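J.: Here is the input, now give the coordinates:
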Amino acid sequence: MLQLKYYSYELAFEYPFTIFKGTKTHQPTLITSLGLGDLTGYGEAPAITYYDITVPQMIESLEAKRGLIERYALIDPQRFWHFLHHLIPGQNFLTAALDIASWDLFAKMQRKPLYQLLGIKWENTPLTDYTIGLDTIDTMVAKMEAHPWPIYKVKVGCADDIDILRALRAHTSVPIRIDANEGWTFDEAKKLLPELEKLNVTIVEQPLLKEQREEMKELKQISPIPLFADESCRTEDEVKKCADGFHGINIKLTKCGGITPALRMIKEARALGLKVMMGSMNESTVGSAAVANLLPLLDEVDADGPLLLKEDVAEGLIYENGIIKLSGGKGLGVKFTGKR
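T.: Numbers count the residues shown, from 1 in each chain. As a prediction, this is how the structure comes out:
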């Protein structure tokens with residue numbers, strides 16, 4: 001019988017984290033654990049206000065379904081995901097936390113690191129970026145100088161976007177990718193893209209509202225920079241819809257429902273000729289390790305949550321100048337260190 005536990009945290013950021021949709025100083029997150037005998041697997045679901053997801057909501061759902069979850073016989077995490085998909089429909093964030101925990105536990109039962117269990121060779125792993133949140137230009141430059149890194153991701157979506165990027169470019173020659181979080185109009189995007197190319201911006205994430213699919217098709221035809229879907233590709237049923245308007249997709253485990261659907265999304269994206277990135281929702285080391293185990297399957301990665309947070313609840317990932325190294329341990333390869 002599975003032993004279900006959970007832990008709630010408010011993890012402080014090193015700096016106030018601002019994107020087009022708002023600012024926060026702490027990241028609320030829910031850590032779930034599934035135990036069997038002396039083995040325990042961990043998962044994570046950060047709460048995101050603009051998706052109307054809160055930790056208390058997730059805990060309420062867990063308690064309501066505790067009995068059914070604990071009686072589940074875990075013999076295959078993929079089957080467990082389908083069980084959860086029907087048990088708590090539409091609750092992808094919570095499903096992701098439980099799905100990740102089940103993969104961590106199952107890999108430990110098989111005495112393998114997760115990536116080995118999935119048949120992934122540890123090679124050709126992309127570098128993770130370091131994210132610079134929106135702020136005054138001087139503060140954004142100061143953040144960059146305080147954190148030398150081989151790739152930066154810069155949040156944009158304000159009237160000063162070009163001025164910000166010119167100022168940052170004056171202080172670094174490394175690649176910069178930007179994330180508008182749906183913050184531009186179609187006309188703004190058409191005007192900005194040629195200027196961004198001159199500044200060696202290598203990726204633009206979600207320039208327009210997710211509903212503007214026809215405009216994105218036109219933008220893709222004229223963009224000199226690869227465009228990646230984020231808000232437009234939350235779940236696996238949206239992958240195909242992104243093929244005409246984007247060059248790639250950014251998969252978030254919390255949005256899609258965990259590792260199980262993410263693997264299917266990667267496969268479908270490849271079949272459609274789309275590039276694949278996996279992104280962060282400011283997860284601690286627990287959620288970031290789930291992404292890290294899939295690194296060889298990706299073209300790009302944004303898994304810098306532990307770098308942005310001032311506090312953590314686990315250890316086991318090593319970040320060295322953009323390279324993410326696993327501990328070599330079984331499952332996710334992390335040790336939970338939070339309060340129990």
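
J.: Could you use CA atoms for every contact and neighbour count after this?
T.: Will do.

J.: Next, the buried residues of the longest strand seen in the chain.
T.: Selection of the longest strand in the chain by residue count, based on DSSP state E, yields strand 3-19. Within strand 3-19, the residues that count as buried by 16 or more other CA atoms under 10 Å are 4-9, 11-13, 17-19.

J.: Who are the packing partners of that strand?
T.: For strand 3-19, the contact count by 3 or more CA pairs under 8 Å, 6 or more residues apart in numbering; DSSP states H and E identifies strand 22-36, helix 55-70, helix 305-308 as packing neighbours.

J.: ok so, going back, quickly name whichever of the buried residues of strand 3-19 is closest to Ile162.
T.: Checking the buried residues of strand 3-19 against Ile162 by CA to CA gives Ile19 as the nearest, at 15.8 Å.

J.: and that closest one, what is it in contact with?
T.: Taking CA atoms under 8 Å, 6 or more residues apart in numbering, we find Ile19 in contact with 133-134, 155-157, 181.

J.: quick one: average pLDDT of the longest helix along the chain?
T.: Longest helix in the chain, counting residues (DSSP state H): helix 92-109. Averaging pLDDT along helix 92-109 yields 98.

J.: If you count contacts, what does that helix end up packed against?
T.: Under the contact criterion of 3+ CA pairs under 8 Å, 6+ apart, the helices and strands touching helix 92-109 comprise strand 22-36, strand 39-46, helix 77-87, helix 114-117, helix 253-256, helix 259-271.

J.: Taking helix 55-70 as reference, get the angle to the third one.
T.: Inter-element angle recorded for helix 77-87 and helix 55-70: 120 degrees (by axes from the mean of the first three to the mean of the last three CA atoms, to 10 degrees).

J.: Show me what counts as buried in helix 77-87.
T.: Buried residues in helix 77-87, counting neighbours by 16+ other CA under 10 Å, are found at 77-78, 80-81, 83-85.

J.: Phe80 touches Leu74, doesn't it?
T.: Yes - in this structure, Phe80 sits in contact with Leu74. The criterion is CA atoms under 8 Å, and the distance is 6.8 Å.

J.: tell me, what's touching the two both at once?
T.: Among the neighbours of Phe80, those also in contact with Leu74 (CA under 8 Å, 6+ apart) are Ser102.

J.: sorry, back to before: would you mind giving the buried residues of strand 3-19 as JSON lines with pLDDT added?
T.: Conversion of these to JSON lines gives the following (pLDDT from 0 to 100):
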{"residue": "Leu4", "pLDDT": "98"}
{"residue": "Lys5", "pLDDT": "97"}
{"residue": "Tyr6", "pLDDT": "98"}
{"residue": "Tyr7", "pLDDT": "97"}
{"residue": "Ser8", "pLDDT": "97"}
{"residue": "Tyr9", "pLDDT": "97"}
{"residue": "Leu11", "pLDDT": "97"}
{"residue": "Ala12", "pLDDT": "97"}
{"residue": "Phe13", "pLDDT": "96"}
{"residue": "Phe17", "pLDDT": "92"}
{"residue": "Thr18", "pLDDT": "88"}
{"residue": "Ile19", "pLDDT": "87"}
